[in-house]
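Asks: predicted model and sequence follow; I will ask about them next.
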Amino acid sequence: MAQRMSLDQIGVGAGKKGRLHRILFRHGLSNGTAIFLPYDQGLEHGPRDFFANPAASDPRYIIKLALEGGFNGIAIQIGLAEKFYWDFAGEVPLILKLNGKTEIPSDAEALSPLHASVADAVRLGADAVGYTLYVGTPAQEADFAQLRQVRADAHAFGMPLVVWAYPRGAAIDAKGGKDSFYAVDYAARTASELGADVVKVNFPHPDKRMGVAAAYDAEFSTQQAVDAVVRSANRTLVLISGGERAGDDAMLEKARQSMEAGATGLIFGRNVWQRDHDESLRFVARLRDILAKYPSA
Amino acid sequence: MAQRMSLDQIGVGAGKKGRLHRILFRHGLSNGTAIFLPYDQGLEHGPRDFFANPAASDPRYIIKLALEGGFNGIAIQIGLAEKFYWDFAGEVPLILKLNGKTEIPSDAEALSPLHASVADAVRLGADAVGYTLYVGTPAQEADFAQLRQVRADAHAFGMPLVVWAYPRGAAIDAKGGKDSFYAVDYAARTASELGADVVKVNFPHPDKRMGVAAAYDAEFSTQQAVDAVVRSANRTLVLISGGERAGDDAMLEKARQSMEAGATGLIFGRNVWQRDHDESLRFVARLRDILAKYPSA
Amino acid sequence: MAQRMSLDQIGVGAGKKGRLHRILFRHGLSNGTAIFLPYDQGLEHGPRDFFANPAASDPRYIIKLALEGGFNGIAIQIGLAEKFYWDFAGEVPLILKLNGKTEIPSDAEALSPLHASVADAVRLGADAVGYTLYVGTPAQEADFAQLRQVRADAHAFGMPLVVWAYPRGAAIDAKGGKDSFYAVDYAARTASELGADVVKVNFPHPDKRMGVAAAYDAEFSTQQAVDAVVRSANRTLVLISGGERAGDDAMLEKARQSMEAGATGLIFGRNVWQRDHDESLRFVARLRDILAKYPSA
Amino acid sequence: MAQRMSLDQIGVGAGKKGRLHRILFRHGLSNGTAIFLPYDQGLEHGPRDFFANPAASDPRYIIKLALEGGFNGIAIQIGLAEKFYWDFAGEVPLILKLNGKTEIPSDAEALSPLHASVADAVRLGADAVGYTLYVGTPAQEADFAQLRQVRADAHAFGMPLVVWAYPRGAAIDAKGGKDSFYAVDYAARTASELGADVVKVNFPHPDKRMGVAAAYDAEFSTQQAVDAVVRSANRTLVLISGGERAGDDAMLEKARQSMEAGATGLIFGRNVWQRDHDESLRFVARLRDILAKYPSA
Amino acid sequence: MAQRMSLDQIGVGAGKKGRLHRILFRHGLSNGTAIFLPYDQGLEHGPRDFFANPAASDPRYIIKLALEGGFNGIAIQIGLAEKFYWDFAGEVPLILKLNGKTEIPSDAEALSPLHASVADAVRLGADAVGYTLYVGTPAQEADFAQLRQVRADAHAFGMPLVVWAYPRGAAIDAKGGKDSFYAVDYAARTASELGADVVKVNFPHPDKRMGVAAAYDAEFSTQQAVDAVVRSANRTLVLISGGERAGDDAMLEKARQSMEAGATGLIFGRNVWQRDHDESLRFVARLRDILAKYPSA
C-alpha cells in the first residue's frame, strides 16, 4: 500500500493548508481521506440526469444528502451556490466549480469556459475551487490561459485548487480514448505540472490500448494502472471519480484499489444520487467503510 | 399548483431584492407576479416586425402602451433607453437589455454580443438587466465569458439579472430544435446554474422529439413539460415568453399552464403590440386576469 | 413633410447637445440642417478616387473646399486630422472618423477596425466622432464590441456619435444587397438601437427586392422608402449619403426626398470633390438651396 | 522637382519634431534628407541573408558601418538593440523596430506581431519607432489594432512613428502584386491616413498592371509613379526602400527619381551590406551624393 | 575555438547579470560554462518518458540528481516548482519554465501556452525563466505576443530569459524539418533578435537539406553548422540540447563540438535520467570533463 501525501509535504502555504485540513480532518471521516459529492451535471448533461430520481433535480435535496451522508464537500456551480449554499453554510464544505459547459455542441475542441472567479469562492465561504482541464484538447491554449489565472488567484487567496483532469478532444479519441490508462495517467501528471493541489481523474482502463503511446500498449492490471496514476500525480492529492452509474460491487472495488494506490479519496455523484434517498445513504456508507481503512497522518 | 418562489429564499442581497420587490410588488398587479413588455425586435428582427402595426415602430408608443397596460417592466436596448426612457422614468420599470444582434448573418454559431453595461443600467435607473444566453451554441466560450462579467457586475451593483435562455445553434437544430422540451428544460437549468436571478424561456414543446436526449423521447403533456422547466429553474424566477404572434386562446392557455407550473410571470411582445392599440390593451387585460389568480406571498 | 427632431427631445446631455448645436446652428446654413463632407476615401478606396480630380488628393484642398462651400463639418481619419486640421481649427467642425479599412481584402466578413479613440477626438477639438458599423456582417460580435466602447467613451466625453450604418457581408449580398430598402431600413434602426446620436445611411432602393424579408417584397416609392428609414431611426438624426458619383439631377432629387422625409441633412463626398473646384461649389450651392427649405426649430 | 515637407508643416508636437530634427539635421548630411540602414533581415529572412557577406551577421559590424557611412539612423529589433546599441548610443540614431516576423509560415494572411513597445524605445534612447503595416492583408483588423496602440503611445511619448507600409497578402497578390504602382500608392496613403509621421515604401512599378484598380491600368513612367506616391503620402515624410540587392546604376537612378519626387530619403539595407566593407562605403557615398543635391529647409 | 561571450558584453543590467553570474560562476564547475537538467517532459510527452527509469517519475529524485551531478540549474514547470523546490531552495538554481503543452493535439500550428509568470519565478527564488518559442509556427502572432510580455516582465524584474528556440509547425516540416541546419540557425537568430539572454537549440543537422533555403543547400560539416548557429545567436548565450536519448559517444562528440563553437553550455535531460542512477552520474561526469576544457573569463 502506497503512502498518502501529508499536508506538510506538498508545498502549500497557511491558507491552502488550513482549508485542506478543514476538508480532510474536520469533515467526513476526519481521518485525512475524503469523499466529495459533485453536482455539476445539471449544466454538464442537463436535467436528463435527474429523470432516474426526480428529487435529485432539487439542489437543496442534494446538499442535504451530502450532509446526511457525511461527505467532505459538495462541488457546485456559482448559480446554485448563490441560491442554495447559504442555507447550509459551514455545515458542509463548498467546492465552487469555476468552469463548465453544456454537452450540446461538439466536444472535438472541448473547452470548459469560466463562469465564476476565485473571489466569488472566497465571498461564498468556499474551502476550495474546482477547474475542469481538458487534457489534450486542441483548445489547450485557451484552457491553460484560464487555468493560469485561476491558479494565480487561488495562490493569492490561499484557496486550494482542485483540477478535474479530463482527457478530451479529437486527438484523445484517436489515441485510446478518454478513459485509457495512457490518457488518465497523462492527465494526472499534467494537473500536477500545472499546479493543481488536488486532481480528480477517472479510473484508468489499461485495456484501452488502441492508438495509445507505445509504453502503454502492454498488459497492466487495473491496480498497476491506478498505482501509476497516483504516482504521476506525485504531491498532488488524488480523487478518483465514479463516472456514469455502474454496478455497485465494481464501483466499490475500484474505490478500494484507488485507496490502496494512495489516493486521498473519492468523488461520486450519479452513482450516489441516481437512486432513492435511503439507498443513496446505504451506498455511501459502504464507500465510507473503505475510506475508514486508509487513514492518513 | 406549484409554489412560487419567495424573494426571501433565493439568496439575493438587499439591492437585488429591493429592485425585484419594486418590480413585483409596486408595479403591475403588485401581487408578486409580473408581465413584461420586450421591445428588442427592432434590432433582433429589424423593422419588418412593425409592418403589422406601424405605430409600434415608435418606441414612445410602446413605452406608453406598457404604462397603460399595467406592465411590470419594459425591456429595451441602450439606444432606445437613452433616447426615450427619460420621458417615463420611474413610471414603469426599465429592464436594460445588454446584448443583442441582427438576424442577418447565420445563426449556426449564434452569439449575442454585448452593447451596454450594467453600469449603463444603473445610470439610467433600470431595475434589472437582460442578457441573452444562447444555450448549446458552439460559441459558448465567448457567451459564458460575457455572462460571467455581467453576472459579476450585476452582483456588485445589486442589479437583478434576467437571462433570456435561448437554445440556439447547429447542434440544437440537430437535437430537437430550439422549442423542444429537451432544449427549453436544459436552457432553464443552465441559466440557474450560471447565476440568473430570473430566466425567460419559451414555452416547451414536448412533441418535438427528433434527436433529443433519450429521457425526453417519451409522451409528456405540455403541463408536465412546463412543470419540469420551472422545476429545473429551481430558485430562479421563471418568465414564459410568448414568441411569435399566435392565436389568442392558445396563448392564454399557455400562460395559464405556465402560472400553474409556478412561473412568476409572462413576457409578451409581438403578441401584444402587433395589433391595434385598443386590441392590445384588451389582450393584456386577459393576461392580467390570469396573473391575478396566482398571487405570491 | 415629416417633423425633424429637435435637440431637446433626443435624450442627450450638455456636452453632446452643445456640440450638435454648434454643428447645426453655428455652421453651414445655421438653420438646424447639415451637409457634411466625408473624406475617408483615401483609406477606404485608395488614391484611385482622386484620379478624376488630382487636386482632391491634397487634404488641405478638401478642408478649404468645405470652408468655401459652407459645410457643417468635415469627416476625416486620425492621420489627416493630425497633419491638416490644425490649420483650420475652429473654422469648420471636425468629425473624427475612428475606424476604417482598405478595400483590398474580401468584404464577406467585413469589419472596420478602430484606429483612433474618442480621446483623440477631444484632443483635436472635434465636434463629433464617426464609426462605421457593418450591419449584418458575420463579424458583428467584434463590431458591436468596438461600438460599445466608442459609445461609452462618447457618452463619458459628451461627444456626439455619428454611425455610418452600412449593410455589408455575405448574408446581406444574399438578401437584397447593401442598398435595398430592407437593408438600409434595418441599418438605420440598428444604429438607433445601439446608441447612435446621428446615423448616416445610403439612399434606399425599394426596387432591390431579391431575397429581402417578406414585408419589403412589395411596391414602394422611393419617397415611401426614405420616409420609413427616417422613421426607423426615430430620435437618431439622419444623414443621407451621396455614395458614388451620379447624375446631378438624380442626386438633388434624392436630397430633396430625404429632407422631405425628415432627415437632418446630407453627407456628400465624391459627388462634390470629383469635379473641378468651381463646379464643386456650384453643386454644393444647389444642395444648400434644398436645405434652406427645411429649417429646424 | 517637388517641394519636400518642412517639419513646421506636419502637425507634430515638440517631442516628435525635436527627434526628427535630430535625425535629419544633426546626423548624416544634416541637410534635411536622410538615409537609413535597416537591419531586421535576421528575423525577417533568417541568417541566409548574411551568406553573401558573413561579416554582416554581426550586429556590431553593421552599426559601425552605419557610423562610418554617415547614416541618419539604424533600424533594429529589440534584442539587438539591447545587446549592441549601448556601445554606440548617441553616435547614430536608433529606430527601434517594434514588430516583425519570420518568413517561414505562409504570407497569405500576413501580420507582423509586436515584440517591443514604444516605452522600450524611450528607455533605449531611440529617436523613432518602426512599425510594419501589411496593407491589404486579411488580418488588417489585428494590424490596425496594433498600430493604433503604437500610434497612441508614440504620441504620448513624442516619438516619431515610421511605418513600413508593405502591400501583402492573398488579395494583393491577385491585384497586381506588392510592388505595383497601385499597391505602393495605396500603401503610402494608408500610412498617412492612419497617422504615420514617416512612411517607408518600395519603389513603385507602374508596369505591373494585372488585376490593379482601373485607374492604374494605364501607361505611367516610373517618375510619374513615384511622384504620385509621394503626393499620396502628403505630409508624411517618405523613405524609398532599396529592397533586394540589384544593379547599382538602376538603384541609384531609383534613388534620384525618388528625391526628385520629393521623398525625404532612402532606406537601403541589403544593397549596402551584402558586399565587402569598403565597397559598401563606396556605394553609400554615391547615395549621399544624390541626397546632397536635395537639401531641405 | 570561438570566444565565449562575457557577461560584461551582453547589455544586461545588474539583476540579470547577478543571476547569470550565480548560475555560471557559483554552481556547477563555476567556470562560466553550464549544464542544465530540463525536466518538463512529464508535461511535454507525458509519463511515458519515465517508463525507462521509473524512479525518474519522482521530481524529488530528479532535483536530487541535479544536485549530486553538479548541474548549474534545473528547469521545471510551476506545479513541480511549488511542490518540490522548497526542499532544495538555494542548493541548485531554478529555471522556472513558464510555458508548455501536451503532445496530444496536432503540432501543425504549434503554440506553447503560458501557465506561469515571471512574478511566480521571483516569488519562488528562481534564477532564470524559460520560454519555448516555436520558430516558424503559423501561430507566431500569439507566440510573439506571449514572449513580448515575458521579455518585458523579465526586464522589469532583472530575471534572465532563456528561450527554448524550437523550429516547429507545418511550414518547418516542409522546409527541412525541425533539426535542419537551416531551421536551427534561423531559430537561434530569432531568439537573439527577440531579446533572449540565453537560447537553447537542438544540435543542427546540415544533411537535412530537403526544402531548406538555397544558401543551406550545400555541403557543411556539423562543426561548421554549430559554429554558424552560435554566431547567429551573437551576444545571446547558447545552450545545446541533447534531445532524445542517443548513443553516448555521439552525444559527447556533439557536446565537444558545441563548446568548441563557443556555446556556453549544455542542457541534457532524457540522456541523463533515462538510465540508472549511478550510470546517470557517470555520464554527467563525462559531460563535465568536456565543459572543464572551455572555461570562460
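Replies: That came through, no problem.
Asks: where exactly do the strands run in chain A?
Replies: A:34-38, A:73-77, A:94-97, A:128-135, A:161-167, A:198-202, A:237-241, A:265-267 (DSSP state E).
Asks: relative to A:Asp289, which of these is closest?
Replies: The minimum distance between A:Asp289 and the strands of chain A falls on strand A:34-38, with 11.2 Å, by C-beta to C-beta. Any C-beta I mention is one placed from the backbone N, CA and C, and that applies to glycine too.
Asks: direction included, what does that closest one pair up with?
Replies: Sheet pairing of strand A:34-38 (DSSP bridges) gives strand A:73-77 (parallel), strand A:265-267 (parallel).
Asks: out of the strands of chain A, which gets nearest to C:Ser192?
Replies: Taking C-beta to C-beta, strand A:73-77 is the member of the strands of chain A nearest to C:Ser192, at 37.5 Å.
Asks: pretty sure A:Gly13 is touching A:Gly158, no?
Replies: Yes. Look at A:Gly13 against A:Gly158 with C-beta atoms under 8 Å: they come within range, at 6.0 Å.
Asks: about what we covered before: pipe the strands paired with strand A:34-38 into JSON lines and attach mean neighbour count and mean pLDDT per row.
Replies: Converted to JSON lines, the strands paired with strand A:34-38 look like this (neighbours: other C-beta atoms under 10 Å in any protein chain shown; pLDDT from 0 to 100):
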{"stretch": "strand A:73-77", "mean neighbour count": "27", "mean pLDDT": "98"}
{"stretch": "strand A:265-267", "mean neighbour count": "28", "mean pLDDT": "97"}
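Asks: redo the ones you listed as CSV? Include distance to D:Glu219.
Replies: Converted to CSV, these look like this (distance: least, C-beta to C-beta, whole Å):
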stretch, distance to D:Glu219
strand A:73-77, 70
strand A:265-267, 78
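Asks: pretty sure A:Val150 is touching A:Ala116, no?
Replies: No. With contact defined as C-beta under 8 Å, A:Val150 does not reach A:Ala116; the gap is 9.9 Å.
Asks: what residues are shared contacts of those two?
Replies: Overlap of the contact sets of A:Val150 and A:Ala116 (by C-beta atoms under 8 Å, 6 or more residues apart in numbering or on different chains) consists of A:Leu98.
Asks: name the residue of chain A with the shortest distance to chain D.
Replies: A:Glu141 (15.1 Å; C-beta to the nearest C-beta).
Asks: measure the closest residue to that residue other than its chain neighbours to E:Ser106 for me?
Replies: Once flanking residues are discounted, A:Glu141 sits nearest to E:Pro113: 4.4 Å by C-beta to C-beta, 6 or more residues apart in numbering or on different chains. Remark: distance between E:Pro113 and E:Ser106 (C-beta to C-beta, to the nearest Å) = 15 Å.
Asks: swap in A:Ala263?
Replies: In terms of C-beta to C-beta, A:Ala263 sits 33 Å off from E:Ser106.
Asks: more neighbours, those two?
Replies: A:Ala263 (28 against 12; other C-beta atoms under 10 Å in any protein chain shown).
Asks: what residues are up against that one?
Replies: Counting by C-beta under 8 Å, 6+ apart, A:Ala263 has contacts A:Arg4, A:Val226, A:Val230, A:Val238, A:Leu239, A:Ile240.
Asks: how about 6 Å then?
Replies: Contact analysis of A:Ala263 by C-beta atoms under 6 Å, 6 or more residues apart in numbering or on different chains lists A:Val230, A:Val238, A:Ile240.
Asks: highest neighbour count among those?
Replies: Using other C-beta under 10 Å as the neighbour test, the contacts of A:Ala263 are led by A:Val238, with 30 neighbours.
Asks: would you agree that residue is in contact with A:Val230?
Replies: Yes. With contact defined as C-beta atoms under 6 Å, A:Val238 counts as touching A:Val230 (5.1 Å).
Asks: tell me the residue of the stretch 101-250 of chain A that sits nearest chain C?
Replies: Proximity of the stretch 101-250 of chain A to chain C (C-beta to the nearest C-beta) peaks at A:Pro113, 15.1 Å away.
Asks: that residue: neighbour count?
Replies: 20.
Asks: mind listing what it touches?
Replies: Per C-beta under 6 Å, 6+ apart, neighbours of A:Pro113: A:Asn99, B:Glu141, B:Phe144.
Asks: retrieve the pLDDT associated with the second one.
Replies: If I follow you right, that is B:Glu141. We have a pLDDT of 94 for B:Glu141.
Asks: can you redo the strands of chain A as TSV with distance to E:Leu281?
Replies: Formatted as TSV, those follow (distance: least, C-beta to C-beta, whole Å):
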stretch	distance to E:Leu281
strand A:34-38	40
strand A:73-77	45
strand A:94-97	44
strand A:128-135	34
strand A:161-167	34
strand A:198-202	32
strand A:237-241	32
strand A:265-267	39
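Asks: which residue does chain A have closest to chain E?
Replies: For chain A and chain E, the shortest gap (C-beta to the nearest C-beta) falls at A:Gly136, measuring 3.3 Å.
Asks: correct me, but that residue touches A:Ala174?
Replies: No. At 10.0 Å, A:Gly136 does not count as touching A:Ala174 under the criterion of C-beta under 6 Å.
Asks: now the helices for the stretch 101-250 of chain A?
Replies: With helices called from DSSP state H, counting those that start in this stretch, the stretch 101-250 of chain A shows them at A:118-123, A:140-157, A:170-174, A:181-194, A:222-232, A:248-260.
Asks: name the nearest residue to A:Tyr85, ignoring sequence neighbours.
Replies: A:Leu94 is the one closest to A:Tyr85 (C-beta to C-beta, 6+ apart), at 5.5 Å.
Asks: meant to ask about A:Gly136
Replies: The shortest distance from A:Gly136 to any non-neighbouring residue, by C-beta to C-beta, 6+ apart, is to E:Ile104 (3.3 Å).
Asks: next: A:Thr190.
Replies: A:Val135 (5.0 Å).
Asks: quick one: residues contacting that neighbour.
Replies: Taking C-beta under 6 Å, 6+ apart, one finds A:Ala165, A:Pro167, A:Ala187, A:Thr190 in contact with A:Val135.
Asks: CSV please, covering the residues you listed and showing neighbour count and pLDDT.
Replies: CSV is the format used below for the contacts of A:Val135 (neighbours: other C-beta under 10 Å; pLDDT from 0 to 100):
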residue, neighbour count, pLDDT
A:Ala165, 31, 98
A:Pro167, 30, 96
A:Ala187, 33, 98
A:Thr190, 31, 98
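Asks: burial count for the residue nearest to A:Met259 when sequence neighbours are not counted?
Replies: Nearest non-adjacent residue to A:Met259, counting by C-beta to C-beta, 6+ apart: A:Tyr294, 4.3 Å away. Close neighbours of A:Tyr294, defined as other C-beta under 10 Å, add up to 21.
Asks: list phi and psi for A:Tyr294.
Replies: Dihedral pair for A:Tyr294: phi -130, psi 60, per degrees, to the nearest 10.
Asks: verify the contact between A:His42 and B:Leu194 for me.
Replies: To be clear, residue A:42 is Gly; His isn't right here. No. Applying C-beta under 6 Å as the test, A:Gly42 and B:Leu194 come out as separate, 10.5 Å apart.
Asks: quick check: buried residues in the element among helices and strands of chain A having the smallest mean pLDDT?
Replies: Using mean pLDDT, DSSP states H and E, helix A:170-174 stands out as the lowest-scoring helix or strand of chain A, at a mean of 92. For helix A:170-174, the neighbour count (16 or more other C-beta atoms under 10 Å in any protein chain shown) marks A:Ala170, A:Ala171, A:Ile172, A:Asp173 as buried.
Asks: could you do stretch A:152-171 as well?
Replies: Those buried within stretch A:152-171 under the rule 16+ other C-beta under 10 Å are A:152-155, A:157, A:159-171.
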